[in-house]
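**Student:** Provided below are the primary sequence and the corresponding predicted coordinates.
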Amino acid sequence: MLFHDVDLEHWEASSDNFPNLKYLVLKKCNYLNEIPTDFGEICTFESIELYQCSIGAEESARKIEQEQEDMGNNCL
């Protein structure tokens, strides 16, 4: 899934909305406060890529990465 240059500030979604998500790419999402933390529960997740995004998006990506590692997915 790719989001490019969107003015989205608050993204409300859960792992139920994207149960088979593998790739998330965010480019120029400067206003996004965070990536939904429920995404850490998606066991098919393989990568998150951020380009020119907000600090909040970066911090939430790190939290999701940690949650994935806690579940045994060290590939993210």
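**Tutor:** That came through fine. On a predicted model such as this, the values are computed, not experimentally measured, just so you know. Numbers count the residues shown, from 1 in each chain.
**Student:** remind me which residues of this protein are low pLDDT?
**Tutor:** Where the chain drops to pLDDT under 70, the residues are 75-76.
**Student:** show me where it has its helices.
**Tutor:** Along the chain, counting by DSSP state H, helices occupy 55-70.
**Student:** dump the residue contacts of the spatially most central residue of the chain.
**Tutor:** Central residue of the chain (C-alpha atoms, centre = their mean): I35, 4.6 Å from the mean position. Residues near I35 by C-beta atoms under 8 Å, 6 or more residues apart in numbering: 11, 24, 26, 48, 57, 60-61, 64. Every residue, glycine included, has its C-beta placed from N, CA and C.
**Student:** and the residues you listed as CSV, adding distance to N73 and neighbour count?
**Tutor:** Output for the contacts of I35, formatted as CSV (distance: C-beta to C-beta, whole Å; neighbours: other C-beta atoms under 10 Å):
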residue, distance to N73, neighbour count
W11, 22, 17
L24, 14, 20
L26, 20, 25
I48, 12, 21
A57, 20, 22
S60, 17, 23
A61, 14, 21
I64, 10, 23
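**Student:** quick one, strands of the protein?
**Tutor:** For the chain, the strands defined by DSSP state E occupy 2-4, 23-27, 47-51.
**Student:** and those as a markdown table, adding distance to D70?
**Tutor:** Below are the strands of the chain laid out as a markdown table (distance: least, C-beta to C-beta, whole Å):
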| stretch | distance to D70 |
| --- | --- |
| strand 2-4 | 26 |
| strand 23-27 | 19 |
| strand 47-51 | 16 |
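**Student:** out of these, deepest packed?
**Tutor:** Neighbour counts (mean count of other C-beta atoms under 10 Å) averaged over each of those peak at strand 23-27, with a mean of 17.
**Student:** what's the closest of the strands of the chain to G72?
**Tutor:** Nearest to G72 among the strands of the chain is strand 47-51; the distance by C-beta to C-beta comes to 16.5 Å.
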